[in-house]
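Asks: just need the structure, nothing else, for what follows:
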Amino acid sequence: MAPPPAALPPLLPVLPVLPALAALLAALPAAPAARAAPRSIAVVGAGLGGSAAAYFLQQHFGPQVQLDVYEAAGVGGRLATVTVNKQQYESRGASIHALSLHMQDFVKILGLKHRREVAGKSAIFSGEHFVLEETDWYLLNLFRLWWHYGISFLRLQMWVEEVMEKFMRIYKYQAHGYAFSSLEELLRSLGGEAFVNMTQRSVAESLLEVGVTQRFVDDVIAAVLRSSYGQSVLVPAFAGAMSLAGAQGSTWAVEGGNKLVCSGLLKLTKANVISARVTGISLHSSEGRALYQVHYESPEGQGSAFYDLVVVTTPLHPSRSNFTFDNFDPPIADFPAAFQPSVTSVVHGYLNSSYFGFPDPKLFPFTSILTTDTPDLFFHAMDNICPVNISAAFRRKQPQEAAVWRVLSQQPLDKPQLKTLFRSYYSVQVTERQAHPRYDAAKALPPVVLHENLFYLSGVEWVASSMEMIAVAAKNVALLAYNRWHQDLEKIDQKDLMHKVKTEL
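Replies: Take a look at the predicted model:
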């Protein structure tokens, strides 16, 4: 039994102090009234960045804010599907890492499901032979890695795990409401200057420094980066680490298609999706505050609308969008950058297994083929893909059967190239995009804040391009917009955040 409480001191001696205390408090200046929420917010783009930004903005500013989302094409952006024989297949952006906590949360709140995994084996092709082949036996796979490359794969794993462990801090920071006004500040809060430097030096240089062999870089690292970014081992170390983390860890996808996350978030927020292409943003002022006029073109003609706050989630580059910014002083600078051409060919046909050294197609064991950086190779990767809806009775096609293959390349495949990869085919659906930044052309990271309440989300792709990086950037922009609107500077660009977060627990 607990001991009885100690006797309380007499209350009467304190009472004469209360009037004096009340008078002192009355003399203090009143706390500033909370600023009213913005009346209207515009989000430019309805891909994952735009839909996630709309969701997070509503979370922080409340459901009373008018949310307009502009999208010229379909909702989902690059998270698109193609139809083959009445079945839908992912064209790109198929895999989500198990540690993608925002994407996991989206799936949970939207009531979506993980797609059932269908096992398959991978191999790396040099143009003449397979330099590495996966088997059904885990220990045999490890032995082959060791036999060919020594302990390089262990050093790679340790390097990637160290980067990911620090990257995971962002979720704690965001859960406590902290935001960053630049990509450099965000990276610095996670891993110090080392993380910032990882955007300026190549993944090859970083891996060679930690003892990974050149042969492993040329065979394995190059193949992974060609598959994910369509680029070489000269991509920056941070972007490379994010890609290699996805190649190492377990991945998943959304049943019914990853684009359901975008449409689901917009439906959940009850955002007003406007089918129009935004052509520019001009600055005005009203009652001493910034007001942004968004100009757009729709099937009905040209129009415009005014907003208190704007988030741009489409890439601001002449090859991707023809944006103009008017009345800004100083003017909003151009973003000198380039994007990597990327072509996805979804082919329904019979694989030419002889090209890969298997004259009998029944003996071809691989469902995914990556390639080394060989000049004569005309494709980056190809895989035997499953539909976005997988029934319990689904089975993957046998190698001698007609199957749906997704081929990634830098240029559209011509007929001789298609005949090289396939004995025959029923259909070819080609999607050309400038999907990722040209990382070797990067000079500096783009800004996050373009003006007082005008923000740029897609610049995060110059750090790394993945679904989770975009979701992290969307959360950061929403927090940044909220904290700046309410002038809560203690939540922006704070130092020593790990210590601050621990003391707030």
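Asks: got the phi and psi for the residue lying closest to residue 112 once chain neighbours are set aside?
Replies: For residue 112, ignoring the flanking residues on the chain, the nearest one in space by CB to CB, 6 or more residues apart in numbering is residue 254 at 5.4 Å. All C-beta atoms are positioned from the backbone trio N, CA, C, and that covers glycine. Note on residue 254: backbone dihedrals following degrees, to the nearest 10 are phi -90, psi 130.
Asks: quick check, residue 254 in contact with residue 115.
Replies: Yes: in terms of CB atoms under 8 Å, residue 254 counts as a neighbour of residue 115; the distance is 6.3 Å.
Asks: how about residue 312, nearest residue that isn't a chain neighbour?
Replies: Distances taken as CB to CB, 6+ apart put residue 44 closest to residue 312, at 4.6 Å, once the chain neighbours are dropped.
Asks: phi and psi next, for that neighbour.
Replies: Main-chain torsions, residue 44, degrees, to the nearest 10: phi -100, psi 110.
Asks: that one contacts residue 314, doesn't it?
Replies: Yes: contact status for residue 44 versus residue 314: in contact at 5.7 Å, counting by CB under 8 Å.
Asks: give me the mean pLDDT for the top helix by length along the chain.
Replies: Secondary structure of the chain read by DSSP state H shows that its longest helix is helix 467-485. In this model, helix 467-485 has an average pLDDT of 97.
Asks: could I get it in PDB with only the CA atoms?
Replies: Once non-C-alpha atoms are left out, helix 467-485 reads as follows in PDB (Å, rounded to 0.1, in the frame of the first residue of the first chain):
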ATOM      1  CA  MET A 467       8.500   7.000 -54.800                       C
ATOM      2  CA  GLU A 468       9.500   7.300 -51.100                       C
ATOM      3  CA  MET A 469      11.800  10.200 -51.700                       C
ATOM      4  CA  ILE A 470       9.000  12.100 -53.400                       C
ATOM      5  CA  ALA A 471       6.600  11.200 -50.500                       C
ATOM      6  CA  VAL A 472       9.300  12.500 -48.000                       C
ATOM      7  CA  ALA A 473       9.600  15.700 -50.000                       C
ATOM      8  CA  ALA A 474       5.800  16.100 -50.000                       C
ATOM      9  CA  LYS A 475       5.700  15.900 -46.300                       C
ATOM     10  CA  ASN A 476       8.600  18.300 -45.900                       C
ATOM     11  CA  VAL A 477       6.900  20.900 -48.200                       C
ATOM     12  CA  ALA A 478       3.600  20.600 -46.300                       C
ATOM     13  CA  LEU A 479       5.400  21.100 -42.900                       C
ATOM     14  CA  LEU A 480       7.500  23.900 -44.300                       C
ATOM     15  CA  ALA A 481       4.500  25.700 -45.700                       C
ATOM     16  CA  TYR A 482       2.600  25.300 -42.400                       C
ATOM     17  CA  ASN A 483       5.500  26.400 -40.200                       C
ATOM     18  CA  ARG A 484       6.300  29.400 -42.400                       C
ATOM     19  CA  TRP A 485       2.600  30.400 -42.600                       C
END
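Asks: need the residues touching each of residue 44 and residue 314.
Replies: Common contacts of residue 44 and residue 314, defined by CB atoms under 8 Å, 6 or more residues apart in numbering, comprise 50, 278.
Asks: between the two, which has more neighbouring residues?
Replies: When neighbours are counted by other CB atoms under 10 Å, residue 44 comes out ahead of the other of residue 44 and residue 314, with 29 against 23.
Asks: which residues touch that one?
Replies: If you count contacts by CB under 8 Å, 6+ apart, residue 44 has them with 50, 70, 278, 294, 310, 311, 312, 313, 314.
Asks: show me the beta-bridge partners of residue 289.
Replies: In this structure, residue 289 has beta-bridge partners residue 286, where bridges are defined by DSSP bridges.
Asks: where does residue 416 fall, phi/psi-wise?
Replies: Phi and psi for residue 416, reported as degrees, to the nearest 10, are phi -60, psi -40.
Asks: got it, and residue 74?
Replies: Comment: the main-chain dihedrals of residue 74 come out as phi -80, psi 160, following degrees, to the nearest 10.
Asks: neighbours around it, how many?
Replies: Quick note: residue 74 (other CB under 10 Å) scores 14 neighbours.
Asks: surely it and residue 80 touch.
Replies: Yes: Residue 74 sits in contact with residue 80 when judged by CB under 8 Å, with a separation of 7.3 Å.
Asks: measure residue 283 to residue 218 for me?
Replies: Counting by CB to CB, to the nearest Å, the separation of residue 283 from residue 218 is 50 Å.
Asks: same check on residue 315?
Replies: Separation of residue 315 from residue 218 (CB to CB) stands at 31 Å.
Asks: same check, this time on residue 61
Replies: Computed as CB to CB, the residue 61 to residue 218 distance reads 50 Å.
Asks: quick one: which of the two has more around it?
Replies: When residue 61 is set against residue 218 and neighbours are counted by other CB under 10 Å, the residue ahead is residue 61, at 20 against 17.
Asks: list the single closest residue to that one in space, sequence neighbours excluded.
Replies: Counting by CB to CB, 6+ apart, residue 61 lies nearest to residue 37, which is 4.9 Å off, once chain neighbours are set aside.
Asks: helix, strand or coil: sort out the one you found for me.
Replies: Secondary structure, DSSP: H, G, I helix; E, B strand; the rest coil: residue 37 is coil.
Asks: tell me the contacts of it?
Replies: With the criterion set at CB under 8 Å, 6+ apart, residue 37 makes contact with 61, 62, 64, 65, 485.
Asks: what do you get for residue 112?
Replies: Contacts were defined as CB under 8 Å, 6+ apart; by that measure residue 112 touches 106, 254, 255, 256, 260, 261, 264.
Asks: make a markdown table out of these and add neighbour count.
Replies: Listed next are the contacts of residue 112 as a markdown table, based on neighbours: other CB atoms under 10 Å:
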| residue | neighbour count |
| --- | --- |
| 106 | 25 |
| 254 | 23 |
| 255 | 16 |
| 256 | 16 |
| 260 | 21 |
| 261 | 25 |
| 264 | 20 |
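Asks: now, which of the residues you listed lie within helices?
Replies: Applying DSSP H to the contacts of residue 112, the entries found in helices are 106, 260, 261, 264.
Asks: pick out the most distant pair among the residues you listed.
Replies: Spatially, the most separated pair among these is 106 and 260, at 9.6 Å (CB to CB).
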